[in-house]
Each structure stands twice: as structure tokens, then as C-alpha cells.
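Peer 1: what's the 3D shape of this:
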Amino acid sequence: MSGRPSFGILAYDYGQEDILNLAVHADRLGFDCLWFGEHYVVPQHFTSHHTTRHATETDGTNKDDAEIIADAIRIYDPWFLLGAVAGATRQLKVGTAICIVPMNNPLLLARATVTAHDISGGRFLFGTGAGWLREEFDAVGVPFAERGPRLDETIAILRKAWGGGYFSHQGAHFSFDPLQISPHPVHIPLVCGGNTGPALRRVAEVADAWINSAMVTLDEAVELRGIVERERQARGTADRPFAYYIRPYTVDPDDVGGYVRAGFDNIVLWGPNCWPNKSSVSLDEKVAGLERIARDLRVAA
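Peer 2: Residues are numbered from 1 along each chain as shown. Below is the predicted model:
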């Protein structure tokens with residue numbers, strides 16, 4: 001492998017003890033960021049499919065969706081986890097990958113993001129997305145069809161809130177008189193997720209970085225980066241600093257090295273590939289596995 005990439009880990013479906021241990025050891029080993037996925041409820045029945053996954057069964061179902069939403073999946077509030085991990089670590093960044101922004105009130109979300117930034121000492125990365133599970137939106141009373149416009153308007157409100165001081169807003173979904181979230185400006189990197197056309201156009205328009213949905217092959221990553229760069233050129237944002245957070249399928253050094261050689265220098269590893277979320281695996285075995293990956297990928301080189 002060439003270059004000096006950073007390596008993050010996306011944690012999902014972990015018990016509380018595993019998460020904190022994973023965070024502490026990832027921090028010790030020089031990993032860059034621990035990212036947290038987000039869902040609020042688990043619908044008992046749903047027909048929605050993740051936008052990057054494809055229905056392959058004859059009945060239209062997709063067993064892979066069960067890796068994201070199922071009755072045995074452990075889902076925690078990411079904001080509480082962010083605070084716990086920030087308090088247990090020294091250098092490790094904490095991020096959402098992704099926060100389902102349209103389900104949130106933008107002012108409450110602004111308060112959460114500013115708190116995460118300040119309490120972590122500026123180690124917070126805000127990953128955003130529109131969401132895909134219609135039944136989850138139905139459960140919390142947010143129109144699924146409005147998720148794109150709500151995401152765009154919320155991002156505009158967050159930018160105002162992060163600027164510090166009093167601000168107001170009059171929009172299609174949210175309106176309020178002058179108020180304040182933070183008396184001082186805060187710099188929170190806005191990382192937009194998604195692999196679809198609308199998501200990539202949003203990335204080019206407003207984001208400081210992009211993180212891909214699910215996991216992608218190297219060819220897919222290169223193709224999607226090309227789309228983002230063309231959109232950035234078309235929107236006049238190509239000169240703005242920008243980062244790519246790429247999620248490969250494996251932790252194999254040869255595989256990951258291909259992404260690095262292609263110019264992707266922020267690699268986000270799927271947590272269960274690094275730290276198996278199985279009770280049959282001991283803590284010592286999990287730590288040894290993470291240490292082996294850190295060594296193989298030269299995480300702290």
C-alpha cells in the first residue's frame with residue numbers, strides 16, 4: 001500500500017460493552033474515526049429495500065435487509081453513544097454514518113450537533129442522509145415523500161446555526177423567528193451520504209465530504225467519485241476542500257490498497273470485519289483481531 005490513508009470503523013449492531021471496548025482499542029491503535037449508523041424503530045413488517053441493495057428473492061424480499069433492520073439487531077441512540085465514546089477516547093473522531101436527518105426537528109438536531117462538537121473537542125463528523133425505510137417514517141409521522149426537501153432545508157438551517165449568533169428561517173417545512181443555538185461559530189464537517197443521483201448532486205452542492213452507502217467495489221467507488229466531481233464542476237464547487245470516505249467490502253490489505261492507490265485516502269471499514277459482534281468471540285480474541293488489522297493495514301504507520 002502507498003500513501004498515508006486514515007482508517008475509520010463503522011459500528012452497527014453492537015452491544016454496549018463491545019462498542020466502548022472497540023472505541024478504546026481503536027483509539028489506542030491509531031484509527032481515525034468510529035462511525036455510528038442510525039435507525040429509530042424496527043418495523044415488524046416492511047416492504048422497503050435499502051437503496052443500494054436489490055431484491056433477489058422471488059417474493060420480492062431481500063435477506064440482506066435483515067443485516068440492517070431485524071428483530072435481533074441492536075440499535076442505540078447515536079448521540080448518547082457519541083458522548084460515551086468521546087469521553088472514553090483521546091484522539092478518535094466520532095461520526096454519524098448516517099443520521100436520518102428528515103426525521104429530526106432541525107433545531108433539536110442543531111443542538112445535538114453543536115453539543116457533539118463541543119463535548120468531543122471538535123472530533124465530531126456529521127454524516128447525513130435522507131433515509132430509505134418508508135415504514136420507519138410512517139411510524140414517526142414524517143412524510144416519506146418529503147424526505148429530500150426536508151433534508152435540504154435542514155442542512156440550510158444547520159449551516160445558519162453553526163455560524164453562531166442569532167438567526168431566523170422561513171421555509172417550506174420550517175419557520176421560526178430569530179434564535180440562537182451557539183453564541184460562537186463551530187466548524188462541523190458535513191458529510192453527505194448516498195449513491196443515487198439526487199444524493200450525489202446534494203453532495204456536490206453543499207457537502208464537505210461524501211461517504212458511500214453500504215459497501216462498494218473499487219470500480220463503483222471510482223465511478224461514483226467521477227459523478228461527484230462532474231457535479232462539483234457543474235455547480236462551481238470544485239475548488240472547495242472536499243474529502244471522500246470510502247467503505248470497501250473487506251479489510252484485506254491488497255483489496256484496501258487498491259482503493260488507496262486509486263486516490264481514496266479515508267477508508268471506513270465495516271465493523272464486523274474488524275471486531276466480530278458475536279458473543280462466542282472473547283474480548284481478547286476481538287482485540288487481537290483488531291490489532292492484526294491495524295498492523296496489516298499499517299494504521300499507525
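Peer 1: which residues of the stretch 151-300 of the chain fall in strands?
Peer 2: Using DSSP state E, counting those that start in this stretch, the strands found in the stretch 151-300 of the chain span residues 166-170, 175-180, 190-193, 209-211, 243-245, 266-270.
Peer 1: Neighbouring strands of the second one in the sheet, and parallel or not?
Peer 2: Right, strand 175-180. Strand pairing for strand 175-180, using DSSP bridges, gives strand 166-170 (antiparallel).
Peer 1: If I look at residue 50, what pLDDT would I see?
Peer 2: Looking at residue 50, its pLDDT is 67.
Peer 1: quick one on the thing from earlier: out of the strands of the stretch 151-300 of the chain, which comes closest to residue 8?
Peer 2: strand 266-270 (4.4 Å; CB to CB). Yep, even glycine has a C-beta here, placed from its N, CA and C like the rest.
Peer 1: I'd like to know which elements the closest one is packed against.
Peer 2: Counting contacts by 3 or more CB pairs under 8 Å, 6 or more residues apart in numbering; DSSP states H and E, strand 266-270 packs against strand 6-11, strand 243-245, helix 253-261.
Peer 1: Just name the most buried of these.
Peer 2: The highest average neighbour count among those, using mean count of other CB atoms under 10 Å, belongs to strand 6-11 at a mean of 23.
Peer 1: name the helices or strands packed onto that strand?
Peer 2: With contacts defined as 3+ CB pairs under 8 Å, 6+ apart, strand 6-11 has these neighbours: helix 16-29, strand 33-36, strand 266-270, helix 271-274.
Peer 1: Show me what residue 34 bridges to in the sheet.
Peer 2: Residues in a beta bridge with residue 34, per DSSP bridges, are residue 9, residue 94.
Peer 1: So it versus residue 94, what's the distance?
Peer 2: 6 Å (CB to CB, to the nearest Å).
Peer 1: Could you check which of the two is surrounded by more residues?
Peer 2: Legend: neighbour count by other CB atoms under 10 Å for residue 34 and residue 94, higher for residue 34 (27 against 23).
Peer 1: how far does stretch 71-82 sit from the chain's center?
Peer 2: 14 Å (CA atoms, centre = their mean, to the nearest Å).
Peer 1: hang on, the earlier thing: rebuild the helices and strands packed on strand 266-270 as a markdown table, extending it with distance to residue 281 and mean pLDDT.
Peer 2: Output for the helices and strands packed on strand 266-270, formatted as a markdown table (distance: least, CB to CB, whole Å; pLDDT from 0 to 100):
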| stretch | distance to residue 281 | mean pLDDT |
| --- | --- | --- |
| strand 6-11 | 15 | 97 |
| strand 243-245 | 27 | 98 |
| helix 253-261 | 22 | 97 |
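Peer 1: can you list the ones you listed in a markdown table and add distance to residue 100?
Peer 2: Shown next, in a markdown table, are the helices and strands packed on strand 266-270 (distance: least, CB to CB, whole Å):
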| stretch | distance to residue 100 |
| --- | --- |
| strand 6-11 | 15 |
| strand 243-245 | 18 |
| helix 253-261 | 27 |
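Peer 1: Show me the one of those that comes nearest residue 115.
Peer 2: strand 6-11 (20.0 Å).
Peer 1: how big is the angle separating the closest one from helix 253-261?
Peer 2: Angle of strand 6-11 versus helix 253-261, following axes from the mean of the first three to the mean of the last three CA atoms, to 10 degrees, is 120 degrees.
Peer 1: Please export the C-alpha coordinates of strand 6-11 as PDB.
Peer 2: The C-alpha coordinates for strand 6-11 follow below in PDB (Å, rounded to 0.1, in the frame of the first residue of the first chain):
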ATOM      1  CA  SER A   6      -6.800   7.200   7.500                       C
ATOM      2  CA  PHE A   7      -8.800   4.300   8.700                       C
ATOM      3  CA  GLY A   8     -12.200   4.500  10.400                       C
ATOM      4  CA  ILE A   9     -14.600   1.800  11.500                       C
ATOM      5  CA  LEU A  10     -18.400   1.800  11.100                       C
ATOM      6  CA  ALA A  11     -20.000   0.300  14.200                       C
END
